[in-house]
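>>> coordinates only, no sequence provided:
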């Protein structure tokens, strides 16, 4: 009986540890995007000359492309560790340096 109680207690503790760890994300209708500095940015494919500013941070988490990122420094396309830069004089843009040394332009998402 004692072993049974110990086994049940162990199972309860193990199941409680896993509660709340899995994030839920909504499907993304915008396409490639990231959240940086608490704001949502959408990848734009147009070529634009910009001057890189300071490093803002690095992508901490990559989620599946079909989902909408919500956590700070999370992307649905950029790999973990991709470096994010500010753009001098243009606060609505950020630039991501990818693992393969490419630079990708992102624009602040205006939800109006």
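That came in fine, so what should we check first? On a predicted model such as this, the values are computed, not experimentally measured, just so you know.

>>> nearest the geometric middle of the chain, what residue?
Against the mean C-alpha coordinate of the chain, by Cα atoms, centre = their mean, the closest residue is residue 74 at 0.9 Å.

>>> now do the phi/psi pair for that residue.
When read as degrees, to the nearest 10, the backbone of residue 74 gives phi -120, psi 140.

>>> excluding its backbone neighbours, what's nearest it?
Computed as Cβ to Cβ, 6 or more residues apart in numbering, the closest residue to residue 74 that is not its neighbour in sequence is residue 61, at 4.5 Å. Every C-beta, even on glycine, is put in place using the N, C-alpha and C of the backbone.

>>> which residues does the one you found contact?
Taking Cβ atoms under 8 Å, 6 or more residues apart in numbering, we find residue 61 in contact with 71, 73, 74, 75, 80.

>>> any idea how many residues pack against residue 65?
Using other Cβ atoms under 10 Å, residue 65 has 12 neighbouring residues.

>>> nearest residue to residue 78 other than its sequence neighbours?
Nearest residue to residue 78, sequence neighbours excluded (Cβ to Cβ, 6+ apart): residue 59, at 4.8 Å.

>>> actually residue 84, sorry about that
residue 56 (4.6 Å).
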